[in-house]
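Asks: okay, predicted coordinates and the sequence, questions at the end:
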Amino acid sequence: MPKINVYLPDELAEAVKEAGVPVSAICQRALEQAVRRVTAIRETTLGDLDDADLAARLPHFTGRTRAALKLGIEQAAEAPAVGSGHLLGGLLTEGGNLALHVLRAVEIEPDRVGRELARQPLTEAGVAAEDASRRFSGPASNALELAVTEATAFGHNYVGCEHLLLGLIAEPDGTAGQVLRSLGAELRLTRRAVAAALAGYVHLRAQTPQAAASGTTETAAALAAVVRQELQPIVHRIERLEERAGVVTES
């Protein structure tokens with residue numbers, strides 16, 4: 001049986017050893033799930049998809065994520081393929097997802113993203129010319145696959161809009177990633193913002209279940225405030241490390 005090496009941070013490796021965690025079985029199961037999700041993305045053909053079609057083809061994607069994807073597909077009606085910019089446009093148009101709260105928490109306003117996106121050409125490399133079916137472009141497929149990877153890394157059994165945002169930022173060639181990074185979206189910090197947002201959302205739901213369920217502006221602002229509070233120590237540590245690195249470089 002072929003072997004695949006898995007590299008872990010030292011602290012995690014020690015913790016795994018002490019706990020006696022069955023690494024092989026866990027990795028095999030996680031990889032099997034990831035392969036199924038990625039294969040579903042790559043095999044998805046885009047036509048007149050309804051909600052049931054998307055749910056059947058991408059069952060691990062949340063309803064809100066599928067709604068954002070459908071909006072992106074609709075925005076690409078005249079394009080040869082659905083690009084990463086269309087996916088980002090779908091996230092923005094959906095309007096109520098966690099990815100938008102995360103953007104606000106890292107001080108990137110979704111409206112500004114939309115304006116910048118509107119200035120960019122959204123056409124990207126698609127599929128083989130002999131394939132008559134409309135599909136996701138290369139960068140869009142990569143971003144969706146990276147979203148699956150992010151969800152798996154978080155230990156989540158679903159792919160949410162927050163994972164899609166991370167996938168779009170991480171994808172190097174697509175319009176969406178270029179726009180987001182140009183506005184200051186940095187993958188590691190945004191990933192931490194997602195973790196803080198999820199923790200803050202759970203906290204807010206426990207404290208104010210009716211407001212959280214209604215998705216009010218007040219709740220969104222409170223969630224952004226919680227995320228910023230969680231991120232402040234992280235930002236300060238990064239700034240100190242950058243200052244030290246600068247001193248070392250100059251010396």
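Replies: Ah, there it is.
Asks: ok, then the element right after the helix or strand encompassing residue 165?
Replies: Counting by DSSP states H and E, the element that carries residue 165 is helix 161-170. Per DSSP H and E, the first helix or strand lying C-terminal to helix 161-170 is helix 175-182.
Asks: can you give the contact residues for that following helix?
Replies: With contact meaning Cβ atoms under 8 Å, 6 or more residues apart in numbering, helix 175-182 is reached by 83-85, 87-88, 108, 113, 116-117, 120-122, 124, 139, 143, 165, 168-171. From N, CA and C alone the C-beta is placed, and that goes for glycine too.
Asks: among the residues you listed, the buried ones, what's the ChimeraX command?
Replies: Only the buried entries of those go into this ChimeraX selection, using 16 or more other Cβ atoms under 10 Å:
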select :83,84,85,87,88,108,113,117,122,124,139,143,165,168,169,170,171
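Asks: now the angle from whatever helix or strand residue 140 lives in to helix 175-182?
Replies: Element membership for residue 140, per DSSP H and E: helix 138-154. Orientation check (axes from the mean of the first three to the mean of the last three Cα atoms, to 10 degrees): helix 138-154 against helix 175-182 gives 60 degrees.
Asks: which elements pack onto helix 138-154?
Replies: helix 23-42, helix 84-94, helix 161-170, helix 175-182, helix 187-207 (3 or more Cβ pairs under 8 Å, 6 or more residues apart in numbering; DSSP states H and E).
Asks: beyond the first one, next helix or strand please.
Replies: It refers to helix 23-42. Next along from helix 23-42, by DSSP H and E: helix 51-57.
Asks: can I get the next helix-or-strand element following that next one in CSV, CA atoms only?
Replies: Next helix or strand after helix 51-57 toward the C-terminus (DSSP H and E): helix 63-75. C-alpha atoms of helix 63-75 as CSV (Å, rounded to 0.1, in the frame of the first residue of the first chain):
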residue,chain,number,x,y,z
GLY,A,63,-27.6,26.0,1.8
ARG,A,64,-26.3,29.5,2.0
THR,A,65,-23.1,28.6,0.2
ARG,A,66,-25.1,26.9,-2.6
ALA,A,67,-27.3,30.0,-2.8
ALA,A,68,-24.1,32.1,-3.3
LEU,A,69,-22.9,29.7,-5.9
LYS,A,70,-26.2,29.8,-7.8
LEU,A,71,-26.1,33.6,-7.7
GLY,A,72,-22.5,33.5,-9.1
ILE,A,73,-23.6,31.1,-11.8
GLU,A,74,-26.5,33.4,-12.8
GLN,A,75,-24.1,36.4,-13.0
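Asks: helix 63-75 to helix 175-182, inter-axis angle?
Replies: Helix 63-75 and helix 175-182 are oriented at 110 degrees to each other (the same axes, to 10 degrees).
Asks: which residues does helix 63-75 contact?
Replies: Under Cβ under 8 Å, 6+ apart, the answer for helix 63-75 is 46, 49, 51, 54-55, 58, 61, 82, 86-91, 93-94, 96-97, 159-161, 163-164.
Asks: pLDDT below threshold where in the chain?
Replies: The model of the chain has pLDDT under 70 over residues 1, 3-4, 6-9, 33-34, 36-51, 125-134, 200-251.
Asks: again, only this time at 80
Replies: Across the chain, the ranges flagged by pLDDT under 80 are 1-13, 16, 21, 23-58, 80, 122-135, 199-251.
Asks: so what's the residue count around residue 74?
Replies: Look at residue 74: counted by other Cβ atoms under 10 Å, it has 14 neighbours.
Asks: ignore what I typed, I meant residue 29.
Replies: 11.
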